[in-house]
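A.B. asks: Sequence first, predicted coordinates after that:
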Amino acid sequence: MARRALITGITGQDGSYLAEHLLAQGYEVWGLARGQANPRVSRMRKLLADVQVVRGDLLDQGSLISAVERVQPDEVYNLGAISFVPMSWEQAELTAEVTGMGVLRMLEAIRVCSGVSRGSNTRSGQMRFYQASSSEMFGQVTETPQTERTGFHPRSPYGVAKAYGHFLTQNYRESYGMYAVSGILFNHESPRRGAEFVTRKVTLGVARIKLGLASELRLGNLEARRDWGFAGDYVRAMHLMLQAAAPEDYVIGTGRMKSVRELVEAAFTAAGLDWEQYVIRDQTLHRPAEVDLLCADPKKARVQLGWEPTVSFDDLVAMMVESDLRLLSNGGDPDQDSSWP
Ligand code: NAP
Ligand code: G4F
């Protein structure tokens, strides 16, 4: 029988790539989708016709129990979150509820539906759980590169909520013997990345300028450094983590850092443009507290899971610029979420 996966966050960037990957591996894939007329569900369905949808919301414990009862998954991937860091200052409580407490509700749904209780210490036949932890938990880093043992100093309500979900996942593993793991993923991008994140904002900005649809691009802190990889590579790591004999947490990244300035240079150069003529520094886009740098040490994932990233920074940027040029040239509207490559 085909293995069955339940993915929360199915309408997001990672949900789409993970669903594609699991379908290609022969899985029956279910996606948890919220809202009564969520336009992102139809966008997802256009791309992923074979994904089955179950309704539910990370804010609603009963809906998660019903979803798990109905799907009876072998593997649960909890990707649903308020994931845009600046929004977490504007709606800190909602972020705590969805990104933090949502993890508790999902773990409880699995625990209740699989009849796990204190003292039942067997992992056989259990649903396996993946939590989408984040390098934002490292925040003001205490060492570079960051490993599975590096301490956390989150710098945003989002990072704090992710740290709660991370420790809770570890705690359910230790308290109930559940097969529950966290992937501490560094920034990963793609042509399906939300337009609010800096990579996509830049590649869309470049495409608009190149096509004469805009004359400038306003950005915040150009000095921040990130470890950027390709989302398609990172979902493979999620799946590999749940296939390991023992449940453990892993850092996933490329091990290479670039600044936002280098990202901007690469994207404008890919379109044959000089960035300094178009980019405007906008203080209002700076954050109340910044994460200055993030850089992964993915050695554990390489050695234990055999995981390696396959797309370089330059190829990723070029892929995104080309995709956005194609999208806008064909009259596509990224703000309407109309099309996904
Ligand atoms: P994304 O594109 O922003 O997708 C977020 C998903 O969460 C969407 O499908 C959204 O559904 C769903 N969601 C929001 N509120 C929900 C709720 N109340 N109940 C159920 N679902 C809800 O994020 P992503 O880039 O794919 O990232 C996936 C996960 O990895 C997130 O947890 C993110 O925090 C984490 N992460 C991402 C990165 C990265 O660089 N991409 C790095 C580390 C960790 P709607 O369409 O209904 O809004
Ligand atoms: O693209 P960003 O918004 O991503 P950020 O904050 O690093 O968070 C992403 O990665 C995390 C993993 O580390 C995920 F957990 C999280 O869900 C999300 O996917 O910003 C990257 C950097 C920041 O330093 C920001 O200050 O770019 C800088 N930046 C400069 N100008 C900007 C802008 N970011 C955005 N979004 N927009 C700007 O105009």
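C.D. replies: It's in. Ligands and ions are numbered 1, 2, ... in the order given.

A.B. asks: Assess the claim that residue 32 and residue 8 are in contact.
C.D. replies: Yes: with contact defined as CB atoms under 8 Å, residue 32 counts as touching residue 8 (4.5 Å). Every C-beta, even on glycine, is put in place using the N, C-alpha and C of the backbone.

A.B. asks: Now do the same contact list for residue 103.
C.D. replies: 78, 131, 164, 165, 168, 169 (CB atoms under 8 Å, 6 or more residues apart in numbering).

A.B. asks: Nearest residue to it in space, please, no chain neighbours.
C.D. replies: residue 165 (3.4 Å; CB to CB, 6 or more residues apart in numbering).

A.B. asks: what's the burial count for the one you found?
C.D. replies: By other CB atoms under 10 Å, the residues close to residue 165 number 25.

A.B. asks: Helix, strand, or coil at it?
C.D. replies: helix (DSSP: H, G, I helix; E, B strand; the rest coil).

A.B. asks: Would you agree it is in contact with residue 98?
C.D. replies: No: with contact defined as CB under 8 Å, residue 165 does not reach residue 98; the gap is 10.2 Å.

A.B. asks: Dihedrals phi and psi, residue 316?
C.D. replies: Dihedral angles of residue 316 (phi, psi; degrees, to the nearest 10) stand at phi -60, psi -50.

A.B. asks: now the helices: where do they sit in the stretch 1-150 of the chain?
C.D. replies: In the stretch 1-150 of the chain, the segments counted as helices under DSSP state H, counting those that start in this stretch are 13-24, 39-47, 61-71, 87-90, 92-95, 102-113.

A.B. asks: who touches the fifth one?
C.D. replies: When contacts are taken as CB under 8 Å, 6+ apart, the neighbours of helix 92-95 outside the stretch itself are 82, 87, 88, 157, 158, 161.

A.B. asks: can you tell me which two in these are farthest apart?
C.D. replies: 87 and 161 (11.5 Å; CB to CB).

A.B. asks: so what's the closest residue to residue 253 other than its chain neighbours up against?
C.D. replies: Closest residue to residue 253 apart from its sequence neighbours, by CB to CB, 6+ apart: residue 296 at 2.4 Å. For residue 296, the contact set (CB under 8 Å, 6+ apart) comprises 135, 145, 146, 186, 227, 251, 252, 253, 254, 255.
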